[in-house]
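Chemist: Sequence below, structure please.
(one chain, ligands or ions: 1)
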Amino acid sequence: MFLAALPSVTPSFSRSASRPIRRVAALPLGAWLLVALLATGAAPASAQMEPPPLTIGTASPSGVYYLTGRALCRILTQPCLAVGTGGSVANLEAVRAGRLPMALAQSDAQFRAVEGLEEFAKAGPDAELRSLFSLHSEPFTLVVRRRAGIDHFQDLPGHAINLGNPGSGQRGTMDVVMNAVGWTRSDFTQASGLPADQQAFELCHGNIQAMVYTVGHPDRSVGNAIRLCDARLIDVEGDVIEALLAEHPYYSRARIPAGLYGPDQAAVDTFGVRATLIASSATDPDLVYDTVKAVFENLPRFQDHHPAFDELSPSIMIHEGLSAPLHEGAERYYRERGWID
Ligand code: GLU
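Modeler: Next up is the predicted model:
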């Protein structure tokens, strides 16, 4: 059962490391080693002798992105490392700056990066951002302490809430929601910026009464909060959410099914995005081609890594949630398969 297979911060190397390795982006070797060192906190003895692995930026080591990155690395034939990061927005910035050749990012954050909106306004539109495919659905998830007096999404003002760490996808989505509703941080008694791996802990200790997380389900930290800390999920609905759905094609209705986190957890209606795999136009086209080929030719094996991947199919993955143009390496493979013209 996947919950038993908790992620560790150990780097995930693919099973086969025997193929020749290509450069993954126009970065000096030292920069890649630095990425790996920052990610692992230790240098393998042979690091200076070996070409760098493909590095995939994920998010908190406790989340589904990290498991996704590791699952991708297991499918790929080239050496591969899934690294923990601040999340979608941090990943989009790192890919743009050439610090990561590939990363995961929410479809709404991908859109804002392409267009140069909100947190990407200062940097402007990212013309070099490319998409490979989309992955699991990520409902915008609101977890509250049972006795906090929060029965509806609209009840959040006046409570201590975690908005997510800057750089995370949930922080970006929450900012969009807050702007749409007209809330500012001062509407909450506390508005913290804790990372995903700390927020359930703080909720358990009563230091916050609500947390938001844009994440695939089931997720370990959401499960811990519900099972161990007297927390529950609540709907995120209302006129403002309807307006967001109508306005933005990358938001869609999402439902967290009943019973996923225990027998008395009711189904929850909210809105959501898709996780996507992104790269830069500078990322090696052969590397991207090999990555998409490995995933689509081993899709059932990839899907076995997490229940959130059950719904995936090529038609969803190459059509939904991709605002950036397809990377040329991905396009080549999809053309060969006859999936695009
Ligand atoms: N969607 C979150 C983010 O972009 C990450 C969720 C996860 O780790 O699974 O930061």
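Chemist: how close does Glu336 get to Leu194?
Modeler: The spacing between Glu336 and Leu194, counted by C-beta to C-beta, to the nearest Å, is 45 Å. C-beta: built from backbone N, CA, C; applies to glycine.
Chemist: more crowded one of those two?
Modeler: When neighbours are counted by other C-beta atoms under 10 Å, Glu336 and Leu194 differ, and Leu194 comes out ahead with 19 against 11.
Chemist: which one is the more buried one nearest to, not counting chain neighbours?
Modeler: Leaving aside its chain neighbours, Leu194 sits nearest to Asn162 (4.8 Å; criterion: C-beta to C-beta, 6 or more residues apart in numbering).
Chemist: The stretch 101-250 of the chain against the ligand: which residues are in contact?
Modeler: By the rule C-beta under 6 Å from any ligand atom, the part of the stretch 101-250 of the chain lying against the ligand is 106, 138, 168-170, 196, 214-216.
Chemist: Just the closest of those residues to the ligand, please.
Modeler: For these, the residue nearest the ligand by C-beta to the nearest ligand atom is Gly169; the value is 2.3 Å.
Chemist: For burial, what's the neighbour tally of that closest one?
Modeler: Gly169: 33 neighbours (other C-beta under 10 Å).
Chemist: wait, doesn't it sit right on Glu138?
Modeler: Yes: if you go by C-beta atoms under 8 Å, Gly169 and Glu138 touch, sitting 7.4 Å apart.
Chemist: and for these two, which residues touch both?
Modeler: Common neighbours of Gly169 and Glu138, counting by C-beta atoms under 8 Å, 6 or more residues apart in numbering, are 106, 214, 273.
Chemist: now, which of these lie within strands?
Modeler: Counting by DSSP state E, the shared contacts of Gly169 and Glu138 place 106, 214, 273 in strands.
Chemist: any idea how far the first one lies from Val273?
Modeler: Spelled out, that is Gln106. Gln106 is 5 Å from Val273, by C-beta to C-beta.
Chemist: Mind giving me the packing neighbours of whichever strand or helix holds Gln198?
Modeler: In this structure, Gln198 sits in helix 196-204 according to DSSP states H and E. Using 3 or more C-beta pairs under 8 Å, 6 or more residues apart in numbering; DSSP states H and E, the elements in contact with helix 196-204 are strand 129-145, strand 160-162, strand 210-214, helix 220-228, strand 231-234.
Chemist: Just put the ones you listed in CSV and tack on mean neighbour count.
Modeler: As requested, the helices and strands packed on helix 196-204 are exported to CSV (neighbours: other C-beta atoms under 10 Å):
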stretch, mean neighbour count
strand 129-145, 25
strand 160-162, 25
strand 210-214, 26
helix 220-228, 19
strand 231-234, 22
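Chemist: Among those, which comes closest to Arg99?
Modeler: Proximity to Arg99 (C-beta to C-beta) singles out strand 129-145 among the helices and strands packed on helix 196-204, at 13.9 Å.
Chemist: Tell me how far Ser341 lies from Glu331.
Modeler: One correction, residue 341 is Asp, not Ser. Counting by C-beta to C-beta, the gap from Asp341 to Glu331 is 10 Å.
Chemist: swap in Gly262?
Modeler: Distance of Gly262 to Glu331, computed by C-beta to C-beta: 44 Å.
Chemist: try Arg185
Modeler: With distances taken as C-beta to C-beta, Arg185 is found 42 Å from Glu331.
Chemist: who has more neighbours, these two?
Modeler: Of the pair Arg185 and Glu331, Glu331 is the one with more neighbours under other C-beta under 10 Å, namely 20 against 12.
Chemist: The residue nearest to that one when sequence neighbours are not counted: neighbouring residues, count only.
Modeler: Leaving aside its chain neighbours, Glu331 sits nearest to Ile340 (6.9 Å; criterion: C-beta to C-beta, 6+ apart). By the other C-beta under 10 Å criterion, the neighbourhood of Ile340 contains 13 residues.
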